[in-house]
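[1] Give me a 3D structure for the following:
(3 chains)
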Amino acid sequence: MNYWLMKSEGDCYSIDDLKRDKTTAWSGVRNYQARNFMRDHMKKGDMVLFYHSNSKPTGVYGIAKVTVNAHADETQFKKNGEYYDPKSTHENPRWQCVDVGFVKKFKEPVTLDQIKFEDSLAGMMVRNRGSRLSIQPVSEKHFKIIEELAK
DNA sequence: GCCAACGTTGGC
DNA sequence: GCCAACGTTGGC
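    So this is what the prediction gives:
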């Protein structure tokens, strides 16, 4: 089983939205590296740190899990939609996404400040300045530490 | 809202 | 295949 961190802008799609929806297709990712993680490495049952970027405070707000393996991202075919990709075809879809389900929301978020402060979390990608990758692999150790910090 | 860092595009 | 220009991300 693998562990991940998925970013979402807090005011765009938050952990509360996921709680309400119970499950959602992680569509709209238009970055090849992030797509490759979803397509090739994320599997049903993998655990996900749900991270809010551009929010106050920024940090991990809860936990989600992968509920459906990668499949074509429908938003790429929606003309006039924000995520429409004219170069993509149904025969050979360019973008894929997994579905994620709600697991829990932390009482208090584990903030980016905390993550940077904890020596035991050295090496987490999200600590790097300018780390724009919206889906990042996380080690089991780091995942568990974040979970502990939330208690 | 600013701006540095990054990814992508497109001309050559 | 290089690289400048551009658009986007995301912390502050």
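[2] Let me know the secondary structure of A:Val66.
    On the three-state scheme (DSSP: H, G, I helix; E, B strand; the rest coil), A:Val66 is labelled strand.
[3] number of nearby residues for the residue nearest to it when sequence neighbours are not counted?
    Distances taken as C-beta to C-beta, 6 or more residues apart in numbering place A:Asp46 nearest to A:Val66, at 4.4 Å, with adjacent residues excluded. No exception for glycine: its C-beta is placed from N, CA and C like everyone else's. Applying other C-beta atoms under 10 Å, we find 19 residues neighbouring A:Asp46.
[4] Quick check: residues of chain A near DNA strand C?
    For chain A, the contact set with DNA strand C under C-beta under 7 Å from any atom of the strand comprises A:7, A:9, A:53-54, A:58, A:112-113, A:126, A:129, A:131-134.
[5] I'd like a version of these in a markdown table, one that adds pLDDT, neighbour count and secondary structure as further columns.
    As requested, those are exported to a markdown table (pLDDT from 0 to 100; neighbours: other C-beta atoms under 10 Å; DSSP: H, G, I helix; E, B strand; the rest coil):
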| residue | pLDDT | neighbour count | secondary structure |
| --- | --- | --- | --- |
| A:Lys7 | 96 | 21 | strand |
| A:Glu9 | 93 | 13 | strand |
| A:Ser53 | 94 | 15 | strand |
| A:Asn54 | 89 | 11 | coil |
| A:Thr58 | 95 | 19 | coil |
| A:Leu112 | 96 | 18 | helix |
| A:Asp113 | 95 | 11 | helix |
| A:Val126 | 95 | 21 | helix |
| A:Arg129 | 84 | 5 | coil |
| A:Ser131 | 86 | 12 | coil |
| A:Arg132 | 90 | 10 | coil |
| A:Leu133 | 94 | 15 | coil |
| A:Ser134 | 95 | 20 | coil |
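[6] Go back to those and keep what's next to DNA strand B.
    Among the residues of chain A next to DNA strand C, proximity to DNA strand B is found for A:Asn54, A:Arg129, A:Ser131, A:Arg132, A:Leu133 (C-beta under 7 Å from any atom of the strand).
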